[in-house]
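1. Can you look at this prediction? I've put the sequence above it.
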Amino acid sequence: MADLLCPQCGAPVPVRSAAMPYAVCAHCQSVILREGETATRIGEAASLPFDVSPIELGTRGTGPDGLAFTVAGRVRWGWGDGAWNEWLLNVPGGRLAWLGEAMGQFQWLSERTDLLTHPLLQGFAAGVPIPLGATIEVDGRRFTASDVKHATCLGGEGDLPFPTPKDWSVDSVDFREDSGAALSVQRDAQGVSAYAGQYIDLAALRPKALRMIEGWTLPEVLR
């Protein structure tokens, strides 16, 4: 699909995922809503701060299910003690996945709307906090809340399923399971979302087209 032209500054905006309704202009940070051939500016995203992730838009690889993926977008979140990335992945067949990245650890996640009926997540949606150590059973596995924080969106780039306004904040809870399965839930003013998958080494995704960072040599397993 051909690039769009940003309605604010006129710069080309690559279309990496035709299914995604939103894109962020890399030149002026305008958040663009795509409706067919029409591009409408609906706001402005925060400018992404520099980080040293080896992943970037266009990075390719193979997921744990054996299907190829391409990085189409990113949301970066910040909290009192740091920040993390959530990379949107295009998978063949119109599927989407997310690759969470925090402090060198990675989570391969897919949205699980069916989990929102669980009593723990219904309580979370109603404003009840989930404490560290809380447990939830999903798919016959027992997950334990290992990370609980309040975070603010630091910005977005590429194609995304939602806008990334500067004032967007979430309550985020990560759960772990003994064998490496992962569960992540987030709550904002619109409600709760849930994502399930697994912790995974970056090398296991056989990534290509990684970002070259000055002063950093790409490990042999990633070449």
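-> Done, it's in.
2. Return the set of buried residues in stretch 25-38.
-> 25-26, 29-32, 34 (16 or more other CB atoms under 10 Å). Using the backbone N, CA and C atoms, a C-beta is placed for each residue, glycine as well.
3. Identify the bridge partners of residue 73.
-> Using DSSP bridges, the bridge partners assigned to residue 73 are residue 88, residue 158.
4. element containing the residue most central in space within the chain?
-> Taking CA atoms, centre = their mean, the centroid of the chain lies closest to residue 86, which sits 2.6 Å from it. With elements delineated by DSSP states H and E, residue 86 resides in strand 82-91, which encompasses its position.
5. All the helices of this structure, in order from the start?
-> Listed in chain order, the helices of the chain (DSSP state H) span residues 119-125.
6. Residue 193 contacts residue 185, correct?
-> Yes - contact status for residue 193 versus residue 185: in contact at 7.0 Å, counting by CB atoms under 8 Å.
7. who's more crowded, the two?
-> For residue 193 versus residue 185, the count of surrounding residues by other CB atoms under 10 Å is larger for residue 185: 26 against 19.
8. which residues touch that one?
-> For residue 185, the set of contacting residues under the criterion of CB atoms under 8 Å, 6 or more residues apart in numbering consists of 115, 121, 124, 130, 172-173, 175, 192-195.
9. cool, residue 85 as well?
-> Neighbouring residues of residue 85 by CB under 8 Å, 6+ apart: 51, 53, 55, 74-77, 100-102.
10. Per-residue confidence at residue 84, what does it come out as?
-> With respect to pLDDT, residue 84 has a value of 96.
11. quick one on the thing from earlier: now the two most distant members of the contacts of residue 85.
-> 55 and 77 (15.1 Å; CB to CB).
12. What about the residue nearest to residue 153 when sequence neighbours are not counted, how many residues nearby?
-> Distances taken as CB to CB, 6 or more residues apart in numbering put residue 168 closest to residue 153, at 4.0 Å, once the chain neighbours are dropped. Residue 168 sits with 20 neighbouring residues when counted by other CB under 10 Å.
13. My understanding was that residue 8 contacts residue 28; is that so?
-> Yes - with contact defined as CB under 8 Å, residue 8 counts as touching residue 28 (5.2 Å).
14. Measure how buried the residue nearest to residue 92 when sequence neighbours are not counted is and give me the count.
-> Counting by CB to CB, 6+ apart, residue 67 is the residue found nearest to residue 92 once chain neighbours are left out, at 5.7 Å. For residue 67, the number of neighbouring residues by other CB under 10 Å comes to 13.
15. show me the contacts for residue 67.
-> For residue 67, the set of contacting residues under the criterion of CB under 8 Å, 6+ apart consists of 91-93, 95.
16. For those residues, could you give me JSON lines that also reports distance to residue 141, pLDDT and neighbour count?
-> Listed next are the contacts of residue 67 as JSON lines, based on distance: CB to CB, whole Å; pLDDT from 0 to 100; neighbours: other CB atoms under 10 Å:
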{"residue": "91", "distance to residue 141": "23", "pLDDT": "91", "neighbour count": "15"}
{"residue": "92", "distance to residue 141": "27", "pLDDT": "83", "neighbour count": "9"}
{"residue": "93", "distance to residue 141": "26", "pLDDT": "80", "neighbour count": "6"}
{"residue": "95", "distance to residue 141": "22", "pLDDT": "82", "neighbour count": "14"}
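17. Adding distance to residue 45, write those residues out as CSV.
-> Written out in CSV, the entries for these read as follows (distance: CB to CB, whole Å):
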residue, distance to residue 45
91, 24
92, 28
93, 29
95, 25
